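**Q** my questions are about this predicted structure, shown below with the sequence.
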Amino acid sequence: MGQAKSDQRLREERLVFYREDIARIDEILGDFLDASAAKCALLVDKEGHMVTKRGNTSSFDLDTICALVAGSFAATKEMARLLGETEFTVMFHQGKRDNIQLALVGDRTLLTVIFDDKTTLGMVRLYANETAKELTEVFERRLGAPPRDSENLDQGFSTGAQDALDDIFG
């Protein structure tokens with residue numbers, strides 16, 4: 001398989017964000033938190049890896065939450081299939097103190113919002129829909145962008161790395 005084909009396949013299978021993407025995503029999530037009054041917003045890939053977070057997350061075990069969010073969404077996708085749906089795009093869990101809403105953004109990320117009684121589900125849903133649209137635009141721009149060469153690695157580095165590997169492995 002050629003390098004260009006391999007790069008394209010990787011871009012389609014894995015999320016790749018650059019510094020400016022994360023800065024824009026963080027800005028969008030920050031605006032969402034300001035408008036909705038939610039505690040925090042996480043962007044999680046469908047495999048359960050954190051992409052980025054905003055808000056007050058200090059009291060949460062984020063690694064576990066991200067893994068459970070992905071697992072919950074995967075299970076819900078199967079329930080949807082059994083009911084004849086492609087998938088459910090929004091989930092909501094209500095607790096005594098905190099609530100969590102999960103929304104599919106694009107086809108590979110989940111907007112995870114944790115909120116309490118300082119806001120309402122209606123406010124969260126309203127602003128989450130707008131936020132999901134903005135995030136989808138960021139993702140679509142990235143997917144449509146031509147592949148980047150490594151920003152910090154020039155040909156000299158590649159040659160030096162290859163020489164070092166040749167020395168090690170003969």
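**A** All right, it came through fine.
**Q** all contacts plus neighbour counts: C-alpha atoms, from now on.
**A** Fine.
**Q** Tyr127 touches Phe32, doesn't it?
**A** Yes - the pair Tyr127 / Phe32 is scored as a contact, 6.3 Å apart, by Cα atoms under 8 Å.
**Q** the two: who's more crowded?
**A** More crowded of Tyr127 and Phe32, by other Cα atoms under 10 Å: Phe32, with 24 against 16.
**Q** list the buried residues for the host helix or strand of that one?
**A** Secondary structure from DSSP states H and E places Phe32 in helix 19-36. The neighbour-count check on helix 19-36 (16 or more other Cα atoms under 10 Å) flags Asp21, Ile25, Asp26, Ile28, Leu29, Gly30, Phe32, Leu33, Ser36 as buried.
**Q** helices or strands up against it?
**A** strand 40-45, strand 50-55, helix 121-144 (3 or more Cα pairs under 8 Å, 6 or more residues apart in numbering; DSSP states H and E).
**Q** of all those, which one is nearest Glu78?
**A** Among these, strand 40-45 comes nearest to Glu78, with 17.5 Å by Cα to Cα.
**Q** would JSON lines of the helices and strands packed on helix 19-36 with distance to Val105 and mean pLDDT be doable?
**A** Converted to JSON lines, the helices and strands packed on helix 19-36 look like this (distance: least, Cα to Cα, whole Å; pLDDT from 0 to 100):
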{"stretch": "strand 40-45", "distance to Val105": "9", "mean pLDDT": "96"}
{"stretch": "strand 50-55", "distance to Val105": "12", "mean pLDDT": "95"}
{"stretch": "helix 121-144", "distance to Val105": "5", "mean pLDDT": "91"}
